[in-house]
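Colleague: Dropping a prediction and its sequence here:
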Amino acid sequence: MNKIKISERLVWGSITSCLVALVFFINTDKVKAISTDGEKYLQILHEVVSYIENDYVDPQEEKKIYTGAIQGALQSLGDPHTRFLDTDEFGELQNETKGSFGGIGVEISFQENAFIIVAPIEGTPAWKAGLQPQDKIIEINGKSTKSVSLSESIAMMRGEVGSSISMKIERKGIKDPFVVNLVRELIQIRYVRSHYLPEAETGYIKLVQFMGKETTTKEFVSAVKTMMDSGAKKLVIDLRMNPGGLLDLAIELADLFLPPDAEIVSVKGRGGVLVKSYKADKKEKKFLDIPIAILVNGGSASASEILAGALKDNKRAVVVGTQSFGKGSVQSIFPLSGGTGVAITIQKYYTPSGISIHGKGITPDYIVNPTSASEDEKYALEKLFKKNLIRPFLETHAEFNEAALSDFAAILKKENLTISDSVTRIFLFNEMRAGSSNVKPRLDLDTQLSEAIRVLK
């Protein structure tokens, strides 16, 4: 049967933002014949199921046994994106939601039987609440995610605008899981934000996600032109916490900075066979001379990694920050009997130098860790949150200034807590800008951005 291409975009196990779709839906008339060994083990499976049904101490539902066997077979591949889709999940993927909905704005990957946050999308409830890449969601509204399917998760995390959701989070470096309470919002994202930094003669573009194909490229080009006209002699593209999105949008943006015929990304299938190579075209409106730095971190994934890898390998940009997430594969959806389906990874993306993005990510040219709180400082901040001292403070201090810093220091002194000046400044700046994600970046509070500008000199 013919392959039906739904959309040429990078694939996500996205739960709440619902801003992506799967790449292929493939119809097939028949399943390929299995080998002699396959038939032997299939017979063994039937025998095991028979013993379970007849002799296991607790009666079991036959559907549950076979579904578990199928999931076990797919999990043995070690690929979190290859998975079984029950009737509800398959229907959800076939009928991608196109309307507005209430959500929390976070991209999630299903790995090792756990829901892992890839990145919170800037400006959304998840971002404002301080959720981070690699956070593990272990409970949703008090229900353990160990027993929650993809479709159930979608239903639990979506909801009416203004409704609440509670999630229990496990975070590396934090001893005990903690609960985050969020209020769902209408997820409407401004994908491109830009600022001219005259003190550094630098144009700064924050790309939140590779979505909004009709307007994002135009806004991006307009921002670069405006900043260059203002005096920008170098450009920083910030892809931190950008979980990806449309493949063709990543290619369009890379094309703006690469000479004709430069390779952007290649797609390889089974056995490493080249499926397609995307190259820059010969259009006239390009930015081939301005020096570029790209910022990445553990929340930069998929399309972000394609753009960063393309410009890095073509020596068109330097990459600054920390290792990116490592999501670079394509899934096909095969319909199965009974209204179910299976998602199978069929291809992987490779940077121009031939490096697979999947499972590895992009290694920065300059590894720069952000200023972060020590364990004692994290404990101090956690104590302030538990005592409900942070929110009232922010409600009475709308601006980040020396007066606000002085008042916060007084709270720390009263509580007999110690937090360094640098961590305090970064914490308060980020908390105060949570209500407005288009705040101009500050070089004194962003070591990665400062380093990116420095290496471009």
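Modeller: That came through, no problem. Numbering: from 1, shown residues only.

Colleague: all strands of the stretch 1-150 of the chain, in order?
Modeller: 3-5, 24-26, 83-85, 102-103, 106-111, 114-120, 136-140, 143-144 (DSSP state E, counting those that start in this stretch).

Colleague: Revised request: answer the last question for the stretch 151-300 of the chain.
Modeller: Going by DSSP E, counting those that start in this stretch, the stretch 151-300 of the chain shows strands at 164-170, 178-183, 185-186, 192-197, 202-207, 234-238, 263-268, 274-279, 292-296.

Colleague: which residues sit in contact with Glu382?
Modeller: Phe178 (Cβ atoms under 8 Å, 6 or more residues apart in numbering). C-betas here are computed from N, CA, C, even on glycine.

Colleague: Dump whichever helix or strand it is part of to PDB, restricted to CA.
Modeller: Glu382 is located in helix 375-386, with elements delineated by DSSP states H and E. Extracted in PDB, the C-alpha atoms of helix 375-386 (Å, rounded to 0.1, in the frame of the first residue of the first chain):
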ATOM      1  CA  GLU A 375      22.900  22.000  47.700                       C
ATOM      2  CA  ASP A 376      22.700  24.300  50.700                       C
ATOM      3  CA  GLU A 377      21.400  27.100  48.600                       C
ATOM      4  CA  LYS A 378      18.700  24.900  47.000                       C
ATOM      5  CA  TYR A 379      17.700  23.800  50.500                       C
ATOM      6  CA  ALA A 380      17.400  27.500  51.600                       C
ATOM      7  CA  LEU A 381      15.200  28.300  48.500                       C
ATOM      8  CA  GLU A 382      13.100  25.300  49.100                       C
ATOM      9  CA  LYS A 383      12.600  26.300  52.700                       C
ATOM     10  CA  LEU A 384      11.500  29.800  51.600                       C
ATOM     11  CA  PHE A 385       9.000  28.300  49.200                       C
ATOM     12  CA  LYS A 386       7.600  25.900  51.800                       C
END
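
Colleague: just use 662 as the starting number from now, easier for me
Modeller: Taking 662 as the first residue, the last one we looked at is helix 1036-1047.

Colleague: quick one: buried residues of it?
Modeller: Judged by neighbour count using 16 or more other Cβ atoms under 10 Å, the buried positions of helix 1036-1047 are 1038-1039, 1041-1042, 1045.

Colleague: Tell me the one among those nearest to Tyr1010.
Modeller: Tyr1010 lies nearest to Lys1039 out of the buried residues of helix 1036-1047, by Cβ to Cβ, at 35.7 Å.

Colleague: The stretch 662-811 of the chain: helices as residue ranges?
Modeller: 697-716, 723-736, 748-755, 786-789, 811-818 (DSSP state H, counting those that start in this stretch).

Colleague: could I get these as CSV with mean neighbour count, mean pLDDT and distance to Ala941?
Modeller: Formatted as CSV, the helices of the stretch 662-811 of the chain follow (neighbours: other Cβ atoms under 10 Å; pLDDT from 0 to 100; distance: least, Cβ to Cβ, whole Å):
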stretch, mean neighbour count, mean pLDDT, distance to Ala941
helix 697-716, 10, 91, 45
helix 723-736, 13, 90, 37
helix 748-755, 17, 69, 32
helix 786-789, 23, 83, 33
helix 811-818, 19, 68, 37
